[in-house]
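> structure for this input, please:
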Amino acid sequence: MTVSTRSKVNNKGESSGAMQKRNAPGNFEAASQRAQELRDRIGASPLGGDDLVLEAVEELRINLEELQVAEEELRKQNEELLAARSQVEEERLRYEELFESAPDGYLVTDKAGSILKANRAAAALLGIGCRLLIGKRLTSFVDRADRETFSYHLNRLMGTELSETHNLDLRISPRKPVVEAFDASLTVSPTRDREGKVTELRWLISDNTETKRNAERARELNIELEQRVRRRTAELEQVNELKDELLLREQRARAQAEAANRSKDEFLAIVSHELRTPLNAILGWAQLLRHATADEQQRLHAAEVIERSARIQARLINDILDVSRVVSGTLPLDKIPLNIVRVIEAAIEAARPGIESKGIELNVNLDNGAALIVGDPARLQQVIANMLSNSTKFTDRGGTIDVKLQQCDEKLRITVSDTGHGISPEFLPHVFDRFRQADSQVTRQQGGMGLGLSIVKILVELHGGTVTAASDGPEKGATFTVILPAAPESVTTPERQPWDLLGTDPPELQRRLDSVWVVVVDDDFDAREMMRAVLESAGARITTCGSYAEALALLDGRATAALSSRLPDVLVADIAMPDQDGFDLIRAIRRLHPLRGGAIPAIALTAYTDDETRKRALDEGYNLHLTKPLNLSELVSSIVRVRQQHPAPAVDSGTDQ
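Now for the predicted structure:
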């Protein structure tokens, strides 16, 4: 035990622990030498046989060797520790650099929210210096409206055992007044110790204002886009609906076009038939008149048939023109105050021969005390004539036609009824349609183009009235009723006489053209000769010209000397002539001196019946406008009338022409 004790104490009285402490790293070699010295001294000592001492020395040597190994390991660990410490320092410096230079704000707070560390971006966002931020509570930078929410999430984070990351959207109010409050996005991560308690909180703060603004803009754009999509969808739906509607319209239009084509073909066939029928009579009787075998009675009958057939053709053409004027909106109306009784009587007298020729009884009941109306006498006469013609056409021999005029309050009721073939219920709604005729054998046997009743409806409505048709069915007759508004009580009886209103001549105009010199200008030889024969039979002196040049030479005094002593009394000129027409002629005549014919009364003659041609003829210088085919008695009356209203100045025989 003594030896053992001594072995742990050196000659200086140090313990083995103190000696180990004294033998710092790098002194193992000296300690080994010292142990060898001790061994040598013990061997030389008289007590050298003491095995225990040797054993102690050996044990000490072994311990020293182990200590040398431990020192080597410790040295290596120190080197590794220094290297690790250097790496940690580098990482810390790098972290500090990243922490300071990060574009987003970074904060480190304790678990109560007091700021322990902040980078420059966080200081800039919070509007305060980095050093001044230390110790400040993060809650003080949160907008008052969001502080309660912030505290709630902070307390919730403290009670959470797991290391969780929380995201908060709050409004931050910086300290500097020049820095406006902004919407911030905060991400917080807790740092916990081994026991799971929160030691620090790490905060990432970013300005969310632009993001929110962009999100709001994106939301607005999305809303606008949705609205545009909805509008576009609605437009596409409308386009689809319109497309479907257009398709239906196109189908209906095609069906209508096909029906119109069929109607056109049928109408052309009807027109051809209706025009050829009277033309056949005209040609047949005209050829018969050329034969000497025809007696006087046949000649008179032929003249009547030819005249009647020509009038039928003229009426057909006028009906077609009237429909054309209605379609184009140019149907002229000359409305004046008039007695409707005289108009109805004139229409009846014109229709009476045709009615009596079929053996139809005509009953007329007119209220002679009926009020006046305001209308066009010729068009109203056409209304009555068309209704009478329709009833005559569809009433067999022995039937009856009744014409009535009644006044009902402020309306005038005109009724034309017959006991004819009647109208089927299916066709009754279409009886006033243009080009429509009942599909029956009777209709085609009776002829007609299906325009008469449609013209009646148009003319009545233009006068502010209505027309209706009624029938109990086939073979039960038909009734047509026209209702026209009466004129106000302030309207007085017109000064114009009935013959003037209805196109007939007063008694004083029914006279001959004795000693009247008429110049007829027409490029058609047959037309000139026909008018020559008619006017010469009335006692007139006729000179015919076939062109503009002949007529102007005659009036300008460059014709025969026998004609230069006097001017013609009336000029009748056709409008449609080749090269220079009737308009050119009247302009040239009106430029002449009155004593050379510049003031001669002139009548324009043309087959164009439109209102524009009539107006142009009067504007160019004609005093009257007549349409073909001519009513010869009307031609004579017109010559008398225009000569009285516009007398040409007299020319003495000695006057230089």
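
> hey, let's count contacts and neighbours off CA atoms from now on
OK.

> what is the burial count for Pro594?
16 (other C-alpha atoms under 10 Å).

> and it, what's its pLDDT?
Looking at Pro594, its pLDDT is 86.

> ramachandran coordinates for it?
For Pro594, the backbone dihedrals (degrees, to the nearest 10) come out as phi -50, psi -40.

> for Leu451, see how far away it is.
48 Å (C-alpha to C-alpha, to the nearest Å).

> what do you get for Gln251?
28 Å.

> ok, the closest residue to Met531 other than its chain neighbours - contacts?
Distance criterion C-alpha to C-alpha, 6 or more residues apart in numbering; nearest residue to Met531, sequence neighbours excluded, is Val520 at 7.8 Å. Shown in contact with Val520 (C-alpha atoms under 8 Å, 6 or more residues apart in numbering): Arg528, Met531, Arg532, Ile542, Thr543, Thr544, Cys545, Leu571, Val572, Ala573.

> in contact with Ala478, which residues?
Ser417, Asp418, Thr419, Gly420, His421, Gly422, Ile423, Ala469, Ala470, Ser471, Asp472.

> apply 10 Å and report the result again.
Applying C-alpha atoms under 10 Å, 6 or more residues apart in numbering, we find Ala478 in contact with 391, 394-395, 401, 416-423, 469-472.

> how about Arg120?
Per C-alpha under 10 Å, 6+ apart, neighbours of Arg120: 99-107, 126, 128-130.

> which of those fall in strands?
The members of these that map onto strands under DSSP state E are Gly105, Tyr106, Leu107.

> what is the burial count for the last one?
Under the neighbour criterion other C-alpha under 10 Å, Leu107 is assigned a count of 25.

> before we move on, the earlier item: buried ones among the contacts of Ala478?
Among those, the ones that count as buried by 16 or more other C-alpha atoms under 10 Å are 391, 394-395, 401, 416-423, 469-471.

> picking up where we left off before, ChimeraX command for the buried members of the contacts of Val520?
The buried residues among these can be selected in ChimeraX (16+ other C-alpha under 10 Å) with this line:
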select :528,531,532,542,543,544,545,571,572,573
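
> got TSV for the contacts of Val520, with secondary structure and pLDDT too?
Output for the contacts of Val520, formatted as TSV (DSSP: H, G, I helix; E, B strand; the rest coil; pLDDT from 0 to 100):
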residue	secondary structure	pLDDT
Arg528	helix	86
Met531	helix	84
Arg532	helix	87
Ile542	strand	93
Thr543	strand	93
Thr544	strand	93
Cys545	strand	94
Leu571	strand	94
Val572	strand	94
Ala573	strand	93
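
> and the contacts of Val520, which is closest to Lys243?
Checking the contacts of Val520 against Lys243 with C-alpha to C-alpha, the nearest one is Ala573 at 57.3 Å.

> hang on, that closest one packs against Leu585?
Yes. Shown here, Ala573 and Leu585 form a contact pair, counting by C-alpha atoms under 10 Å, at 8.5 Å.

> overlap in contacts of these two?
Common contacts of Ala573 and Leu585 (C-alpha under 10 Å, 6+ apart): Val521, Ser547, Tyr548, Ala551.

> neighbour count: Gln251 and Leu451, which is higher?
Using other C-alpha under 10 Å as the criterion, Gln251 and Leu451 rank with Leu451 on top: 20 against 12.

> and Ser206, bridged to which residues?
Under DSSP bridges, the beta-bridge partners of Ser206 are Ser185.

> any idea how far the nearest residue to Asp569 once chain neighbours are set aside lies from Arg590?
Distances taken as C-alpha to C-alpha, 6+ apart put Trp517 closest to Asp569, at 5.1 Å, once the chain neighbours are dropped. Computed with C-alpha to C-alpha, the distance linking Trp517 and Arg590 is 19 Å.

> pull the distance from the strand or helix carrying the residue nearest to Met531 to the chain's centre.
Here Val520 sits within strand 517-521, counting by DSSP states H and E. Here the centre of mass of C-alpha atoms in strand 517-521, compared against the chain's by C-alpha atoms, centre = their mean, to the nearest Å, lies 59 Å away.

> quick one, strands of the stretch 501-650 of the chain?
517-521, 541-545, 570-574, 602-606, 624-627 (DSSP state E, counting those that start in this stretch).

> so for Phe427, which of the ones you listed sits nearest?
Nearest of the strands of the stretch 501-650 of the chain to Phe427, taken as C-alpha to C-alpha: strand 624-627 at 36.2 Å.

> and that closest one, what's buried?
Leu624, His625, Leu626.

> longest helix in the protein, please.
As assigned by DSSP state H, the longest helix anywhere in the chain is helix 209-289.

> in the next helix or strand after it, what counts as buried?
Next helix or strand after helix 209-289 toward the C-terminus (DSSP H and E): helix 296-328. If you call a residue buried by 16+ other C-alpha under 10 Å, then helix 296-328 has these buried ones: 299, 302-303, 305-307, 309-313, 316, 319, 321-323.

> ok, how many other residues are close to Leu201?
Neighbours of Leu201 (other C-alpha under 10 Å): 23.

> how about the contacts made by the residue most central in space within the chain?
Nearest to the geometric centre of the chain sits Leu242, at 10.8 Å (C-alpha atoms, centre = their mean). Neighbouring residues of Leu242 by C-alpha under 10 Å, 6+ apart: Glu235, Leu236, Leu248, Arg249.

> please compute how far the helix or strand that contains Ala347 lies from its chain's middle.
Element membership for Ala347 (DSSP H and E) is helix 340-357. Centroid separation for helix 340-357 versus its chain: 52 Å, with C-alpha atoms, centre = their mean.

> following it, which helix or strand shows up next?
strand 361-366.

> partner strands of that next one, parallel or antiparallel?
Strand 361-366 has its sheet partners listed here by DSSP bridges as strand 400-408 (parallel).

> with only the CA atoms kept, save the partner strand in PDB.
Written as PDB, here are the backbone C-alpha positions of strand 400-408 (Å, rounded to 0.1, in the frame of the first residue of the first chain):
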ATOM      1  CA  THR A 400    -130.300  40.900-109.000                       C
ATOM      2  CA  ILE A 401    -127.800  43.600-108.100                       C
ATOM      3  CA  ASP A 402    -128.700  46.100-105.300                       C
ATOM      4  CA  VAL A 403    -126.900  49.400-104.800                       C
ATOM      5  CA  LYS A 404    -127.600  51.300-101.600                       C
ATOM      6  CA  LEU A 405    -126.300  54.500-100.000                       C
ATOM      7  CA  GLN A 406    -127.000  55.300 -96.400                       C
ATOM      8  CA  GLN A 407    -125.700  57.800 -93.900                       C
ATOM      9  CA  CYS A 408    -125.000  56.400 -90.400                       C
END
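
> what residues of that strand count as buried?
Buried positions in strand 400-408, judged by neighbour count with 16+ other C-alpha under 10 Å: Thr400, Ile401, Asp402, Val403, Lys404, Leu405, Gln406, Gln407.

> do the same with stretch 283-290
Neighbour count says stretch 283-290 has Trp285, Ala286, Leu289 buried, by 16+ other C-alpha under 10 Å.

> tell me how far that stretch lies from the chain's centre.
In terms of C-alpha atoms, centre = their mean, the centre of stretch 283-290 is set 62 Å apart from its chain centre.
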